[in-house]
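# What follows is a protein structure lacking sequence information:
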């Protein structure tokens, strides 16, 4: 049986390819890499992200730069009582209760520990909103002003919040405060305005010892994934079943 | 056709008015994008996301200050973002001439991290601020972009560390050891035999502390000829001591 001749001859195909080559090359130049990058950030899809943070207690030096940068970045009042993130110092005696202090959130440093008392262990623990998967603050908000965004960040809609303080009561981590000027609830947003642009939160950016790690759950190329794989991590008040998304490594049972 | 009961008509009117009122009220009271993705106002996500960025992130600093960046990457401060010390720099990246980040030259800047605190991890380099060259800015000896020990202990403080530390916080901190002590050249290689000399006369102290001495006015003076003339000065005053009186 005689084979059918192909519709396009190889010679014709190659010839047409060479004719179109200049068009292809010029097209590659018209779409510059800058434009490609710009369009990539416009195509931010919140459903693809699930943000979380890791904190290494062994690395924290208690310098308070994170708390300071947070106040600058998010315009948190420079007052003793308002923090989106702060540092606590734990001093654990050989017997008895751990002492926890946090003078001005650690921004101005910590005074010397009482030298007369015996100290078994002492370390710093940075604290912030845990961005729980099962957040009590969202459950109790009567107007829907606090919510979990599609990328797993717990946010507050300050133009809709009525300032009833219910969420402040409900948060087991004490991570919320009432903003003295707007009279609405306020808290850590993981620097939402930065992370959607692909930047790191301000506290992670300025941490001089990389005690804070920011990343995403379930993405193998995320620094957080590596952090959780190589460290024994815990979450705070796990028994409350709020499923926090701030993972602490190097924390012992005293941290709460 | 069955007759509609008389009561139904006013009731229906009331119901319709009530429902209409509810619908209009909802229209005015429920914010526009409420409920698009959940029980919240979807537009607030964009409002929060459009907040102003203050910290630029250290990668952008590399664009202009690549020389410093290169240096820094080879030393222990490689992980320390520029804005930790220089402060937020987003404004500087947008208008480099208008806004310049701070260059902290004060001692306190370094002790934020390197001051001694028992809760800091052991192994993290810390100094006791009060005795580590007090009053001097850290930049005098250390380059923060290339943090190294400025020098190994040398000259006298290699062996006489106790005295060097004490002298460092005394009023005599700016004086070199050889101002008062004569050491033969081979004292360093053979200290037991080529011994350094301690001062022997009151006149040595008098060079600065006598009322007749031609030195700065801030130095405390004494009339050497009549001030306990039977004693040597260091019988009462220990010159290395911080409170040498």
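Thanks, I have it. Bear in mind that the values here come from a model prediction, so they are computed numbers and not experimental data.
# Contact residues of chain B facing chain A?
B:31, B:34, B:37-41, B:44-45, B:47-55, B:57-58, B:77, B:79-81, B:83-84, B:88, B:112-113, B:115, B:117-121, B:124 (CB under 8 Å from any CB of the partner chain). (Each C-beta comes from the backbone N, C-alpha and C, glycine too.)
# phi, psi of residue A:178?
Dihedral angles of residue A:178 (phi, psi; degrees, to the nearest 10) stand at phi -100, psi 120.
# try residue B:108
Per-residue torsions, residue B:108: phi -60, psi -30 (degrees, to the nearest 10).
# Okay, now the unreliable bits of the chain?
In the absence of a named chain, this looks at chain A. Along chain A, the model assigns pLDDT under 70 to residues A:1-7, A:17-18, A:20-42.
# switch to chain B, that's the one I care about
B:1, B:150-154, B:242-245.
# Helices along that one, start to end?
For chain B, the helices defined by DSSP state H cover B:8-29, B:43-49, B:58-61, B:66-73, B:82-86, B:90-94, B:107-114, B:161-168, B:202-209, B:233-236.
# Deepest-packed of these, please.
Among the helices of chain B, helix B:82-86 has the highest mean neighbour count (mean count of other CB atoms under 10 Å in any protein chain shown), at a mean of 22.
# circling back: make a PyMOL selection of the buried ones in the residues of chain B next to chain A.
To isolate the buried members of the residues of chain B next to chain A in PyMOL, using 16 or more other CB atoms under 10 Å in any protein chain shown:
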select buried, chain B and resi 34+37+40+41+44+45+48+49+53+54+55+57+58+77+80+81+83+84+88+112+113+115+117+118+119+120+121
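# hmm, back to that, and the helices of chain B as CSV, adding distance to residue A:65?
Output for the helices of chain B, formatted as CSV (distance: least, CB to CB, whole Å):
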stretch, distance to residue A:65
helix B:8-29, 44
helix B:43-49, 23
helix B:58-61, 13
helix B:66-73, 17
helix B:82-86, 5
helix B:90-94, 17
helix B:107-114, 7
helix B:161-168, 29
helix B:202-209, 44
helix B:233-236, 47
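# center of the chain, which residue is that?
Using chain A. Computing the C-alpha centroid of chain A and ranking residues by CA atoms, centre = their mean puts residue A:190 first, at 4.0 Å.
# Chain B, not that one
Among the residues of chain B, the one closest to the centroid is residue B:109, at 1.6 Å (CA atoms, centre = their mean).
# List the contacts of that residue.
Neighbouring residues of residue B:109 by CB atoms under 8 Å, 6 or more residues apart in numbering or on different chains: B:85, B:138.
# measure it to chain A for me?
From residue B:109 across to chain A, the span is 11 Å (CB to the nearest CB, to the nearest Å).
# Residues contacting stretch B:125-142, please?
Against stretch B:125-142 from outside (CB under 8 Å, 6+ apart): B:105-107, B:109-111, B:114-117, B:120, B:144, B:148, B:150-151, B:165, B:168-169.
# try 10 Å
Contacts to stretch B:125-142, defined as CB atoms under 10 Å, 6 or more residues apart in numbering or on different chains, come from residues A:61, B:76, B:103-111, B:113-118, B:120, B:144, B:147-151, B:165-166, B:168-169, B:173, B:242.
# Likewise for stretch A:249-256?
The contact list for stretch A:249-256 (CB under 10 Å, 6+ apart) reads A:54-60, A:88, A:90-92, A:97-98, A:100, A:120-121, A:123, A:125, A:127, A:172-173, A:211, A:213, A:227-228, A:230-237, A:248, B:121.
# Show me just the buried residues among the residues you listed.
By 16+ other CB under 10 Å, the contacts of stretch A:249-256 give A:54-57, A:59-60, A:88, A:90-92, A:98, A:123, A:125, A:127, A:173, A:211, A:213, A:227-228, A:231, A:233-236, A:248, B:121 as buried.
# Residue A:164: how many residues sit nearby?
16 (other CB atoms under 10 Å in any protein chain shown).
# same thing with residue B:179?
12.
# who touches it in this structure?
Contacts of residue B:179 by CB under 10 Å, 6+ apart are B:172, B:199, B:204, B:207, B:208.
# again with residue A:180
Contacts of residue A:180 by CB under 10 Å, 6+ apart are A:77, A:79, A:81, A:82, A:186.
# go on, residue B:84?
Per CB under 10 Å, 6+ apart, neighbours of residue B:84: A:63, A:65-66, A:68-69, A:205-208, B:55, B:58, B:77, B:109, B:112-113.
# For chain A, which segments count as strands?
A:51-56, A:85-92, A:99-101, A:121-128, A:146-148, A:154-156, A:177-178, A:185-186, A:212-216, A:233-234, A:246-249 (DSSP state E).
# Residue B:9: which of the ones you listed is closest?
Ranking the strands of chain A by proximity to residue B:9 (CB to CB) places strand A:146-148 first, at 44.5 Å.
# Residue B:172 - nearest residue in space that isn't next to it in sequence?
residue B:239 (5.7 Å; CB to CB, 6 or more residues apart in numbering or on different chains).
# what about that neighbour, how many neighbours?
16.
# so who does the residue nearest to residue A:235 when sequence neighbours are not counted touch?
Among residues not flanking residue A:235 along the chain, residue A:244 sits closest, at 4.3 Å (CB to CB, 6+ apart). Residue A:244 makes contacts with A:52-53, A:129-135, A:172-173, A:175, A:234-238, as judged by CB under 10 Å, 6+ apart.
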